[in-house]
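In: just to be clear, the model below is a prediction. Sequence and coordinates:
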2 protein chains.
Amino acid sequence: MIITQNPNAILDTIIEKQTYSSLYLLSDSNTYTKCMPVIADSVKKYNIQTLTITAGENTKNIDTCIHLWEQLNEKMADRHSLLINLGGGMITDIGGFIASTFKRGMSFINIPTSMLAMIDASIGGKNGINFGSYKNQIGVINEPMEVIVSPIFLKTLDRRNYLSGYAEALKHGLIGGKDAYKVTIPFISPSYERDDFTSFLQKNISIKEKIVAIDPTEKADRKALNIGHTIGHALESLSHNKNEVMLHGEAVAWGMIAELKLAELVFGKKPEILPEIESFIAEHYQQPPMNENDFNELLSIMKQDKKNYKSEINFTLLKEAGQYKINQTATENQIIESLKYICKLCKS
Amino acid sequence: MIITQNPNAILDTIIEKQTYSSLYLLSDSNTYTKCMPVIADSVKKYNIQTLTITAGENTKNIDTCIHLWEQLNEKMADRHSLLINLGGGMITDIGGFIASTFKRGMSFINIPTSMLAMIDASIGGKNGINFGSYKNQIGVINEPMEVIVSPIFLKTLDRRNYLSGYAEALKHGLIGGKDAYKVTIPFISPSYERDDFTSFLQKNISIKEKIVAIDPTEKADRKALNIGHTIGHALESLSHNKNEVMLHGEAVAWGMIAELKLAELVFGKKPEILPEIESFIAEHYQQPPMNENDFNELLSIMKQDKKNYKSEINFTLLKEAGQYKINQTATENQIIESLKYICKLCKS
């Protein structure tokens, strides 16, 4: 991973380092307009062919894969070509999957343009698409050749999308421990050009990188990164089913509160950090579109989670900042209690 | 890879070794009827759920993937489940791809039932599906947890299908050198229960296994296995377009003759082995449905080959048995000369 204020120059260096048979840029209707101009010099200089898809999580499906595989075929891509993914998590997820499977694998690099993709989605090699009503159901784990992180793309981001990515940074802070968590708090309001923001990004991403390096295929340690994600994913899916879409990080933020409450119920001791986190999130994040009538649907979504083993819902729970426990289970009553807890927070 | 006369017992051992959350058996309409009974005891004992698809290479497409991913979802498969692929290359190819991509990867084992799958398709981790008019265009490289090879399944095979697989064994012989090639010749007529056939399978497969171990992702040495395959794949695709389907190995057999002729044109010296190989193949294999009017289509198919680099058609050519040269190119005239050569053989 490279952090830079000049992604165009870094991209040039990467392209010059090897002889690719052809080059492709994948972006969506938003990032093509807002972010592509930043690297337009490279695109022109190296005759990079552009592939553009509709923006939005709904595009991350098998039909788009079929369309992109066809496009790569038509444009004579081969396994010595390079795919450059320019966009948020939707683009790096589907682009990584397309590249990993086209002719059994071509090289790809990620240039994440959203806070979520910089902090999380484009790091660690997970890629894939949504399938049926489930998120990231089909995919592989395959590392990009390089990830170019540049805060200048964040200028194109609205507040809601910044916060969505910031929730994952907060999660990394909680994994890193009390100090790492405290360092994260001020960057709820960032200045993208300041050096302290760049070094915050670097340190925060390195928390994830270290975990992934130990356990790339999520046999154990990597599950730390699932904090807030079992309930978070369910909230996100529910919001899509209801057509009141929550962004991924928004759902994870509320998922973290619910799962800290669940940790209290499972371990019999309230995490010290819970009151502070819950008021911080409730202050900054919009509420999930849920009520008590949705609990059954949420549970049934959780039962389909990729992380499960023998149909038992799997959680990574925080006893305290820095102290996570993987492969935790809970009773349905405990899960419902935790969901009730965030419902109540929303009403208050 | 395990060679056994009792695949049922070996399967039991593998299943007992780990705790899988659920078990699935993928077969096609033929192998379900003809091969599943051999392992029916395990299927019953471990409550293995069956997934059955239509037999034939035409099934190896993205629509079948979508159907199988949906089935695994419905049957509550998770990433701790095991998929057992029972069938020929079509089943091990699509089954390996399905398992490698479902929830970003579940375990799978291959039980090849055809000579082609035993000798070649199920060994080495290549999997995938056909896409557009191109073979194995979409896929990944991912090793099965185990491959159970049992000659007893070959009893279900007709002569044409045995010969198709045998062509890949012949190719391994040619890679191994003059002695390895000579050892292969008598097994054009095998006795499946004899020990010398089992030990022939073992040695022949190990030629491929050694190459794959050195270079799993086909950066260099693994390209040895592409002998006969550039022209062979084109013949196979052409035969599908013409609805006069050649089996994979049949096409590879004729491809090997054409590419030995091409080696003569490129290196300026006829491989000593050519006359013997060409009469052996012409005697045993049915002729490709091609004539001189098909040369342009064959060339255009070769230009889309996964093995190409910068749109140049890539060959692995044999100077002599045991002496292969990877990353060879040829002029269009030379390629057409080689195609003419096999056309002439067919007429004579």
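Out: Thanks, I have it.
In: now the strands for chain A?
Out: Secondary structure of chain A (DSSP state E): strands at A:2-3, A:23-28, A:49-53, A:82-87, A:107-112, A:129-131, A:134-138, A:146-149, A:315-320, A:323-328.
In: deepest of the ones you listed, which one?
Out: For the strands of chain A, average neighbour numbers computed from mean count of other CB atoms under 10 Å in any protein chain shown are highest in strand A:82-87, which has a mean of 28. In short, each C-beta sits where N, CA and C put it, glycine included.
In: contact partners of that one?
Out: Identification of contacts with strand A:82-87 by CB atoms under 8 Å, 6 or more residues apart in numbering or on different chains yields A:11, A:15, A:18, A:20, A:22-28, A:30-31, A:35-36, A:39, A:48, A:77, A:91-92, A:95-96, A:98-99, A:106-114, A:117, A:122, A:144-145.
In: list the contacts for the nearest residue to residue A:155 once chain neighbours are set aside?
Out: Residue nearest to residue A:155 in three dimensions, not counting chain neighbours: residue A:192, with 5.9 Å by CB to CB, 6 or more residues apart in numbering or on different chains. Going by CB under 8 Å, 6+ apart, residue A:192 touches A:151-152, A:154-155.
In: measure residue A:192 to chain B for me?
Out: As judged by CB to the nearest CB, to the nearest Å, residue A:192 and chain B stand 32 Å apart.
In: check the gap between the residue lying closest to residue A:30 once chain neighbours are set aside and residue A:89 for me.
Out: In this structure, residue A:30 finds its nearest non-sequential neighbour in residue A:55, 4.3 Å apart by CB to CB, 6+ apart. Here the criterion is CB to CB, to the nearest Å. By it, residue A:55 lies 12 Å from residue A:89.
In: who has more neighbours out of those two?
Out: residue A:89 (29 against 18; other CB atoms under 10 Å in any protein chain shown).
In: so that one makes contact with residue A:113?
Out: No: the pair residue A:89 / residue A:113 is not scored as a contact, 9.9 Å apart, by CB atoms under 8 Å.
In: shouldn't residue A:217 be in contact with residue B:105?
Out: Yes: counting by CB under 8 Å, residue A:217 does reach residue B:105; the two are 7.3 Å apart.
In: and residue A:159, how many neighbours?
Out: Neighbours around residue A:159, by other CB under 10 Å: 9.
In: got it, and residue A:156?
Out: By other CB under 10 Å, the residues close to residue A:156 number 15.
In: the residue lying closest to it once chain neighbours are set aside: neighbour count?
Out: The shortest distance from residue A:156 to any non-neighbouring residue, by CB to CB, 6+ apart, is to residue A:34 (4.2 Å). Residue A:34 has 17 neighbours, counted by other CB under 10 Å.
In: ok, now how distant is residue A:34 from residue A:114?
Out: Residue A:34 sits 11 Å away from residue A:114, going by CB to CB.
In: ok, residue A:107 next?
Out: Counting by CB to CB - residue A:107 and residue A:114 are separated by 23 Å.
In: sorry, back to before: which one, of the strands of chain A, ends up nearest to residue A:210?
Out: strand A:323-328 (14.0 Å; CB to CB).
In: can you list the strands that that closest one pairs with?
Out: strand A:315-320 (antiparallel) (DSSP bridges).
In: on that earlier part again, could you find the lowest-pLDDT member of the contacts of residue A:192?
Out: For the contacts of residue A:192, the weakest pLDDT value sits at residue A:155, with 91.
In: how many other residues sit next to that one?
Out: Neighbours around residue A:155, by other CB under 10 Å: 12.
In: need the pLDDT of the nearest residue to residue A:253 once chain neighbours are set aside.
Out: Once flanking residues are discounted, residue A:253 sits nearest to residue A:167: 4.2 Å by CB to CB, 6+ apart. At residue A:167, the model reports a pLDDT of 98.
In: and if you look at residue A:348?
Out: Listed pLDDT for residue A:348 reads 68.
In: what are the contacting residues of stretch A:264-276?
Out: Taking CB under 8 Å, 6+ apart as the rule, stretch A:264-276 contacts A:174, A:178, A:181, A:257, A:260-261, A:263, A:317-321, A:325, A:328, A:330, A:334, A:337-338.
In: how much space between the residue nearest to residue A:108 when sequence neighbours are not counted and residue B:303?
Out: For residue A:108, ignoring the flanking residues on the chain, the nearest one in space by CB to CB, 6+ apart is residue A:99 at 3.7 Å. Distance, residue A:99 to residue B:303, using CB to CB: 21 Å.
In: near chain B, which residues of chain A?
Out: Contacts of chain A with chain B, taken as CB under 8 Å from any CB of the partner chain, map to A:21-22, A:62, A:66, A:69-70, A:73, A:76, A:78-80, A:100-105, A:126, A:128, A:131-132, A:134, A:136-142, A:217, A:304, A:306, A:308-311.
In: tally of neighbours for residue A:243?
Out: 7.
In: distance check, it against chain B.
Out: In this view, residue A:243 and chain B are 22 Å apart by CB to the nearest CB.
In: for residue A:122, same thing?
Out: Distance from residue A:122 to chain B, by CB to the nearest CB: 16 Å.
In: that residue against residue A:110, yeah?
Out: Yes: Residue A:122 lies in contact with residue A:110 (CB under 8 Å); the separation is 3.9 Å.
In: now for those two: what residues contact both?
Out: Residues within reach of residue A:122 and of residue A:110 at once, by CB under 8 Å, 6+ apart, are A:85, A:92, A:144, A:147.
In: by mean pLDDT, point me to the weakest helix or strand of chain A.
Out: strand A:134-138 (a mean of 89; mean pLDDT, DSSP states H and E).
In: and it, how far out from the chain's middle?
Out: Here strand A:134-138 shows a centroid-to-chain-centroid distance of 13 Å under the convention CA atoms, centre = their mean, to the nearest Å.
In: and if you look at stretch A:76-85?
Out: Offset of stretch A:76-85 from its chain centre (CA atoms, centre = their mean): 24 Å.
In: next: stretch A:99-119.
Out: The chain centre lies 12 Å from the centre of stretch A:99-119; the measure is CA atoms, centre = their mean.
In: kindly report the same for stretch A:63-73.
Out: 23 Å.
In: how about residues contacting it?
Out: Residues from elsewhere that reach stretch A:63-73, judged by CB under 8 Å, 6+ apart: A:24, A:26, A:51, A:53, A:81, A:94, A:97-98, A:101-102, A:129, B:62, B:131-132, B:134, B:137-138, B:304.
In: from the structure, what's the count of residues near residue A:329?
Out: As a burial measure, residue A:329 scores 14 neighbours (other CB under 10 Å).
In: equivalent analysis for the one 3 residues further on, please.
Out: Counted with other CB under 10 Å, the burial measure for residue A:332 works out to 12 neighbours.
In: shouldn't it be in contact with residue A:299?
Out: Yes: under the criterion of CB under 8 Å, residue A:332 makes contact with residue A:299 at 6.4 Å.
In: low-confidence regions, chain A specifically.
Out: In the predicted model, chain A carries pLDDT under 70 at residues A:348.
In: can you list the domain ranges for it.
Out: With domains defined by automatic domain parsing, chain A comprises A:2-157, A:218-347.
In: just the endpoints, please. Distance across the longest one?
Out: What it means is domain A:2-157. In domain A:2-157, first residue to last residue: 20 Å (CA to CA, to the nearest Å).
In: ok now it, how far from the chain's centre?
Out: Here domain A:2-157 is found 14 Å from its chain centre; the criterion is CA atoms, centre = their mean.
In: spatially nearest residue to the residue nearest the centre of chain A (excluding sequence neighbours)?
Out: Central residue of chain A (CA atoms, centre = their mean): residue A:121, 3.6 Å from the mean position. Ranked by CB to CB, 6+ apart and with sequence neighbours excluded, the top spatial neighbour of residue A:121 is residue A:89, at 3.3 Å.
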